[in-house]
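Asker: can't give you the sequence, but here's the structure:
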């Protein structure tokens, strides 16, 4: 599992908006807030992503792009994003490659579900914040992420 200070593993995944997103395309342009979540349209995931949706303008003030990542299929992502009007893409990690490279597979991958985790990657591709939830019903609120982004902006 990569740690704070490490170069973040690159990825290239298709999102619900039909675009492919990779970390390398944002190098020297944006900070990336990677949000790994277990399931579309589940109670805690919905609260978490709606919280980030409601803070979207503030994320943009920090030159940051939020990317949601789960192992759910594209159809589930599209329905979830449309239902809650998310302004950020939801990436489909169907082969689990990204979740594995970030070390966030629940129970070592036995369930083919990701742990809830947030990584903030700076414009140079370095992990500057990381939190992996120990309990699936807990989540990081946007204010904590804004605090981390303030430090990066200095």
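Answerer: That came in fine, so what should we check first? Here the structure is a predicted model, which is why all the values come from computation and not from measurement. Numbering: from 1, shown residues only.

Asker: And the helices in the protein?
Answerer: 43-54, 56-61, 74-84, 97-101, 142-153 (DSSP state H).

Asker: Go through those and pick out the most buried.
Answerer: Neighbour counts (mean count of other CB atoms under 10 Å) averaged over each of those peak at helix 97-101, with a mean of 18. The way it works is simple: take the backbone N, C-alpha and C, and place the C-beta from them, glycine included.

Asker: What lies in contact with it?
Answerer: Residues outside helix 97-101 that contact it (CB atoms under 8 Å, 6 or more residues apart in numbering) are 2, 9, 11, 13, 36, 69, 71, 91, 93, 105, 109, 114.

Asker: For the first one, which residues are in contact?
Answerer: The contact partners of residue 2, by CB under 8 Å, 6+ apart, come to 8, 9, 101, 102, 103, 119, 127, 130.

Asker: if you set the cut-off to 7 Å instead, what comes out?
Answerer: 8, 9, 102, 103, 127 (CB atoms under 7 Å, 6 or more residues apart in numbering).
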